[in-house]
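# Pasting the sequence and the predicted model now:
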Amino acid sequence: MATTSMLMTKEMEGMGTFVTDDKGMTLYRYEMDQASPSKSMCTGDCAKTWMPVMAEDSVQAMGVRKNLVGSVDRSDGMKQLTLAGRPLYRFMGDAKAGETNGQAKDSKWYALTPAGGKAAMPSGGSGSSSGTDGGSGGMEGMPGMS
């Protein structure tokens with residue numbers, strides 16, 4: 001699981017503006033989740049690859065409307081941070097700040113816009129998403145996966 005004290009925005013050419021945590025790591029939404037009412041559907045093995053971002057007592061917002069920031073109670077009893085009702089996640093495949101390797105993964109995972117929508121697909125695939133191109137490769141065998 002991941003935590004953050006701030007939601008910020010980053011702009012990438014061809015992708016537009018998307019939301020990151022206080023370390024600059026891209027935050028994602030899962031299309032299988034519910035936004036209203038908020039409900040996280042990523043549990044078990046899913047939550048090992050897509051780390052739920054846990055809500056702290058006070059989360060600051062920079063470039064994100066504070067009234068869109070909330071939380072949802074997960075089935076494991078933890079509180080997960082939400083944006084516009086969408087539970088937030090970090091992707092294990094993003095090793096450095098600004099990477100977007102999870103963008104459009106399995107056609108179900110998308111970086112969030114400041115309003116909670118899906119960020120656009122990067123054009124040309126030559127942005128700062130070094131590593132995979134978001135293809136269908138799995139996370140099996142990745143160091144740190146347990």
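Structure's in. What do you need?

# Show me where this structure dips below the pLDDT cut-off.
Along the chain, the model assigns pLDDT under 70 to residues 123-146.

# which residue ranges form the strands in it?
Under the criterion DSSP state E, the chain carries strands at the ranges 2-3, 6-12, 16-20, 28-30, 34-35, 38-39, 50-54, 60-61, 69-73, 79-83, 86-87, 89-91, 109-111.

# Those strands: which one's closest to residue 98?
strand 6-12 (6.3 Å; CB to CB). Every residue, glycine included, has its C-beta placed from N, CA and C.

# And the closest one, what's buried?
By neighbour count with 16 or more other CB atoms under 10 Å, strand 6-12 contains the buried residues 7-10, 12.

# before we move on, the earlier item: redo the strands of the chain as CSV? Include distance to residue 121.
Below are the strands of the chain laid out as CSV (distance: least, CB to CB, whole Å):
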stretch, distance to residue 121
strand 2-3, 24
strand 6-12, 11
strand 16-20, 10
strand 28-30, 14
strand 34-35, 21
strand 38-39, 25
strand 50-54, 19
strand 60-61, 25
strand 69-73, 25
strand 79-83, 20
strand 86-87, 18
strand 89-91, 16
strand 109-111, 9
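
# want to try CSV for the buried residues of strand 6-12, with distance to residue 28 as columns?
Below are those laid out as CSV (distance: CB to CB, whole Å):
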residue, distance to residue 28
7, 13
8, 15
9, 14
10, 13
12, 14
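
# Of all pairs in those residues, which one is the farthest apart?
7 and 12 (16.5 Å).

# what are the bridge partners for residue 28, then?
Residues in a beta bridge with residue 28, per DSSP bridges, are residue 89, residue 111.

# Now for it: which residues touch it?
50, 88-91, 102-103, 109-112 (CB atoms under 8 Å, 6 or more residues apart in numbering).

# got it, and residue 71?
With CB under 8 Å, 6+ apart, residue 71 has these contacts: 55, 79-82.

# ok, it to residue 122 distance?
29 Å (CB to CB, to the nearest Å).
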